[in-house]
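**Q** mind looking at a prediction? Sequence and model below.
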Amino acid sequence: MKIFMARFPRAVAFVLLAAFLVALFSPDAALGGTTGTEFQSIYNKVKGWSTGYLGRLLALCTFIIGLGASIMRQTLFPALTGIGVALVVSLGPSLIEGIATGTF
């Protein structure tokens, strides 16, 4: 990296300046997660499924299967995988929404 910076300092500065200007003059990109209202109903339905009883059922089934695999293999890793899936199911939709809208 040091050799690259020594040979092309103007090129690096130009790329950084261009990236800054693109980010400065394109504020519409910040609204990327709020447009497309025609998909809002299906998004709300799938989000409701994943955070509702279907998501809880999938998380519980994954944990029970992982617990059974833990007993068979005599290690805790499959059960921990079930707990990880439960966390992803419960926290995933809000994280995805925060990433898509740019707000947390």
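**A** Nice, thanks for sending it over.
**Q** below-threshold pLDDT in the protein: ranges please.
**A** Scanning the chain for pLDDT under 70 picks out 1-9, 23-35, 103-104.
**Q** tell me the domain boundaries of it?
**A** Using automatic domain parsing, the domains assigned to the chain come out as 1-31, 34-104.
**Q** just name the most buried of those domains.
**A** domain 34-104 (a mean of 13; mean count of other Cβ atoms under 10 Å). Quick note: C-beta positions are derived from backbone N, CA and C, even for glycine.
**Q** and it, how far out from the chain middle?
**A** 12 Å (Cα atoms, centre = their mean, to the nearest Å).
**Q** can you tell me the centre-most residue of this structure?
**A** Nearest to the mean C-alpha position of the chain, counting by Cα atoms, centre = their mean, stands residue 96 at 4.7 Å.
**Q** quick check: which element contains it?
**A** helix 77-101 (DSSP states H and E).
**Q** and the gap between the residue nearest to the centre of the chain and residue 85?
**A** 16 Å (Cβ to Cβ, to the nearest Å).
**Q** try residue 10
**A** To residue 85, residue 10 is 50 Å away according to Cβ to Cβ.
**Q** got the contact list for the helix holding residue 96?
**A** Helix 77-101 has contacts (Cβ atoms under 8 Å, 6 or more residues apart in numbering) with 32-34, 47, 50-51, 55-56, 58-60, 62-70, 104.
**Q** apply 7 Å and report the result again.
**A** With Cβ atoms under 7 Å, 6 or more residues apart in numbering as the test, helix 77-101 has contacts from 33-34, 47, 50-51, 55, 58-59, 62-63, 65-67, 69-70, 104.
**Q** and for stretch 67-75?
**A** Residues outside stretch 67-75 that contact it (Cβ under 7 Å, 6+ apart): 76, 78-79, 82.
**Q** re earlier: biggest separation within the contacts of helix 77-101, which pair?
**A** The distance between the two most remote of those (Cβ to Cβ) is 42.8 Å, for 34 and 70.
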